[in-house]
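Colleague: okay, here's the prediction I keep looking at, along with the sequence it came from:
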Amino acid sequence: MHLKAGPRNSLTDVAGLRVGHADDPVLKSGCTVVTADAPFVAAVSVMGGAPGTRETDLLAADKTAPGVDALVLSGGSAFGLGAAEGVMAGLRAAGRGFAVGPARVPIVPAAILFDLLNGGAKDWTDSPYPALGRRAFEGAGAEVALGSVGAGAGALTGQVKGGLGSASCVTESGITVGALVAVNAMGSATTASGRHFWAAPFEIGAEFGGLGPDPASGLQPLPPSRKAGAMAAQGNTTIAMVATDARLDKAQTQRLAVAAQDGLGRAIVPAHTPLDGDLVFGAATGTMELSDPVSDLATLCHAGSVALARAVARAVWEASPADGDLLPTFHETLGR
């Protein structure tokens, strides 16, 4: 089974999808929006013990809404769910939404991570997240910035700064799978030595440094969490999206999201803890037909997990330093 990266190596290699970020360096938080010109099929898998979500019940296979207009990943804990209000406002202004008689209601599921204790200024009176959501929606395009941007602007892992990552896979049959992730895990994306990524066996080219797997063999004791030492041990959660251009129904799209959770388990140690709200949205735009629904879906599930593991490492690799950071970036720990 041969997989290669798409031309952008990002979620937007899935034709028709657009990604927008908005963040505030003083707040040390932000949001990321994924949208398209037409509604797309979406589903969700939640495997963390502390999720924060909006409208995810609609994504179940037995629920009425056939598709969504946008998906939101946001910082800000429960306050960040307000970013979806800004996205809804932008969609409404564009005449988008699920038709209910003469009314239109934009469908915008959202998920959040906890970054309220990351050193940013959180003394606002009116929540900044609706405005951030509107700005991210209006700026959505094909290019996807990585690192300390959008929902990953204030993200931290157990050892170093987290961030926003993306990657893609193209299968031998030409179907594309892309991943997008905001990495704010309790666990670590780097191995016990701190010099290699758990996702190294899945790297394509040198997309996160080409450092290779950690040469240490066997089970290694993990170092103490720097995040816990920075008084942000309760501030966790990795939220992600995996999308394909294949034609999938809601049940198949959920299977893609479930399988993609393996990417988090491969790239973050530990993952899916009681203090993480680890969540993966699945999405399908439906422009490519499956020739064999069973074997093709199995391939897509594998590609989704590989793309998401790589996206996690890219998020940490691309993180940049800023004033007031509680943790160093990966590059700073290497002395670069």
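Modeller: Arrived safely, thanks for sending. Residues are numbered from 1 along each chain as shown.
Colleague: just the terminal-to-terminal distance for stretch 274-293.
Modeller: Distance between the two ends of stretch 274-293: 35 Å, counting by CA to CA, to the nearest Å.
Colleague: what is the mean pLDDT for that stretch?
Modeller: Taken as a whole, stretch 274-293 has an average pLDDT of 94.
Colleague: do the same with stretch 3-11
Modeller: On average, stretch 3-11 scores 96.
Colleague: what does that stretch rub up against?
Modeller: With contact meaning CB atoms under 8 Å, 6 or more residues apart in numbering, stretch 3-11 is reached by 13, 17, 19, 34, 142-144, 166-171, 176, 178-180, 204-205, 207, 241, 243, 302-303, 306. No exception for glycine: its C-beta is placed from N, CA and C like everyone else's.
Colleague: helix or strand: which one has A319?
Modeller: Using DSSP states H and E, A319 maps to neither a helix nor a strand.
Colleague: and it, what's its pLDDT?
Modeller: 98.
Colleague: swap in the one 4 residues further on?
Modeller: Note on D323: pLDDT of 94.
Colleague: number of residues surrounding it?
Modeller: 8 (other CB atoms under 10 Å).
Colleague: mind giving me the packing neighbours of the lengthiest helix in the chain?
Modeller: Counting by DSSP state H, the longest helix found in the chain is helix 293-317. For helix 293-317, the packing partners by 3 or more CB pairs under 8 Å, 6 or more residues apart in numbering; DSSP states H and E come out as strand 163-170, strand 176-183, strand 239-246, helix 250-267.
Colleague: which residues does the very next helix or strand once past it contact?
Modeller: Later in the chain than helix 293-317, the nearest helix or strand by DSSP H and E is helix 330-333. Here helix 330-333 makes contact (CB under 8 Å, 6+ apart) with Q159, V160, K161, T190, G194, V316, W317, A319, P321.
Colleague: please repeat the previous calculation with a cut-off of 7 Å.
Modeller: Contact partners of helix 330-333, identified using CB atoms under 7 Å, 6 or more residues apart in numbering, comprise V160, T190, G194, V316, W317, A319, P321.
Colleague: ok, of these, which come out buried?
Modeller: Buried residues within the contacts of helix 330-333, counting neighbours by 16 or more other CB atoms under 10 Å: V160, T190, V316, W317, A319.
Colleague: which strand residues bridge the second one?
Modeller: Per DSSP bridges, the residues bridged to T190 are F197.
Colleague: pick the most buried one from the helices and strands packed on helix 293-317.
Modeller: Of all these, strand 176-183 has the most neighbours on average by mean count of other CB atoms under 10 Å, namely a mean of 32.
Colleague: and the top strand by length along the chain, what's its mean pLDDT?
Modeller: Longest strand in the chain, counting residues (DSSP state E): strand 29-46. The pLDDT scores in strand 29-46 average 97.
Colleague: make CSV out of the contacts of helix 330-333 and add distance to L132.
Modeller: As requested, those are exported to CSV (distance: CB to CB, whole Å):
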residue, distance to L132
V160, 24
T190, 29
G194, 32
V316, 23
W317, 25
A319, 19
P321, 22
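Colleague: R8 and V170, how far apart?
Modeller: According to CB to CB, to the nearest Å, R8 and V170 sit 11 Å apart.
Colleague: then P66?
Modeller: According to CB to CB, P66 stands 27 Å off from V170.
Colleague: A83 belongs to a helix?
Modeller: Yes - looking at A83 with DSSP: H, G, I helix; E, B strand; the rest coil, it is inside a helix.
Colleague: you'd agree it is up against A110?
Modeller: Yes - contact between A83 and A110 holds when scored by CB atoms under 7 Å: they sit 6.4 Å apart.
Colleague: chain neighbours aside, what residue packs nearest to T35?
Modeller: A70 (4.0 Å; CB to CB, 6 or more residues apart in numbering).
Colleague: ok, residues contacting the helix or strand harbouring that neighbour?
Modeller: Following DSSP H and E, one finds A70 within strand 68-74. Residues outside strand 68-74 that contact it (CB under 7 Å, 6+ apart) are 31-35, 39-40, 42, 80-81, 83-84, 87, 91, 96-97, 106-112, 129, 133, 137, 151, 182, 239, 241, 281, 283.
Colleague: so for that strand, what's the average pLDDT?
Modeller: For strand 68-74, the per-residue pLDDT averages 98.
Colleague: that strand pairs with which strands, parallel or anti?
Modeller: strand 29-46 (antiparallel), strand 110-112 (parallel).
Colleague: nearest to L219, out of the ones you listed?
Modeller: For the strands paired with strand 68-74, proximity to L219 was assessed by CB to CB; strand 29-46 is nearest, at 27.3 Å.
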